[in-house]
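Peer 1: Predicted model and sequence follow; I will ask about them next.
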Amino acid sequence: MSLEKGIHISELHNFFNHIFEYDVSVYEAYSDFDSDLKHFSSLNEIKDYVTYRLQKTEDHHKDINLSLHYRDSCGQVFIEKHDLNADKCNGAKYRYTSDGWGIINFNVFIEGDYFCLFCLHCRSEKEAKDWEDTLPEFGNPSSWDWKKVNYHIKRLTKSYKNIHKKLAVKL
């Protein structure tokens, strides 16, 4: 992926303010290899994590992948440990993921000094009910307040669109 338009990375922390406008638990979508999954309960913890991710690698392209669970949407977060094939993963043996029916996936792509939101998504209520038997570990889809889940998706999408409209530049 290559950015056509982006927002300067200095604004990324400001965008994260919108995540914490409501009571939320934030998790890494997936952990680093052979590491526990990180859980964030404050904006400062997210800012520290972003700084860590940006400095972790010299790669020009980076990403931040988070799972958002707004407490007013009810439901539950499902944390799963995945065994890895160490031969194919530079010796790594496991990693964790966070997921759930109404969990909001929040993915930011970073290229150089600019970022864009490349995914803000969650399952729909219909999708959750259709797949309930396949993923029973996610619990009952009816335990989620789907109006609240949709509200938070729309709110975050609108916030990002406003920021993008004001601050994005052609690269």
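Peer 2: Cool, the structure landed.

Peer 1: ok, Glu80 touching Tyr96?
Peer 2: Yes. Using C-beta atoms under 8 Å, Glu80 makes contact with Tyr96 at a distance of 6.7 Å. C-beta coordinates here come from the backbone N, C-alpha and C atoms, glycine included.

Peer 1: Show me which of these two is the more surrounded one.
Peer 2: Tyr96 (18 against 12; other C-beta atoms under 10 Å).

Peer 1: pLDDT on the helix or strand harbouring the more buried one, on average?
Peer 2: Using DSSP states H and E, Tyr96 sits within strand 94-99. Averaging pLDDT along strand 94-99 gives 97.

Peer 1: Give me the next element, helix or strand, following it.
Peer 2: Following strand 94-99 in sequence, per DSSP H and E, is strand 104-111.

Peer 1: residues making contact with that following strand?
Peer 2: 1-3, 6, 9, 12, 19, 29, 54, 60-70, 115-122, 149, 152-153, 156, 171 (C-beta atoms under 8 Å, 6 or more residues apart in numbering).

Peer 1: again, 7 Å this time
Peer 2: 1-3, 6, 9, 12, 29, 60-68, 115-122, 152-153 (C-beta atoms under 7 Å, 6 or more residues apart in numbering).

Peer 1: how far does it sit from the chain's center?
Peer 2: Between the centre of strand 104-111 and the centre of its chain there are 6 Å (C-alpha atoms, centre = their mean, to the nearest Å).

Peer 1: I'd like the mean pLDDT over that strand, please.
Peer 2: Rounded mean pLDDT across strand 104-111 is 92.

Peer 1: Kindly export that strand (C-alpha atoms) in PDB.
Peer 2: Provided in PDB are the C-alpha atoms of strand 104-111 (Å, rounded to 0.1, in the frame of the first residue of the first chain):
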ATOM      1  CA  ILE A 104     -14.100  -2.500  16.500                       C
ATOM      2  CA  ASN A 105     -11.000  -3.100  14.500                       C
ATOM      3  CA  PHE A 106      -9.000   0.000  14.200                       C
ATOM      4  CA  ASN A 107      -6.000  -0.100  11.800                       C
ATOM      5  CA  VAL A 108      -3.700   2.800  10.900                       C
ATOM      6  CA  PHE A 109      -1.200   2.600   8.100                       C
ATOM      7  CA  ILE A 110       1.900   4.800   8.400                       C
ATOM      8  CA  GLU A 111       4.200   5.700   5.600                       C
END
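
Peer 1: Tell me the buried residues in that strand?
Peer 2: 104-106, 108-111 (16 or more other C-beta atoms under 10 Å).

Peer 1: Also stretch 15-27?
Peer 2: Buried, per 16+ other C-beta under 10 Å, within stretch 15-27: 15-16, 18-20, 24, 26-27.
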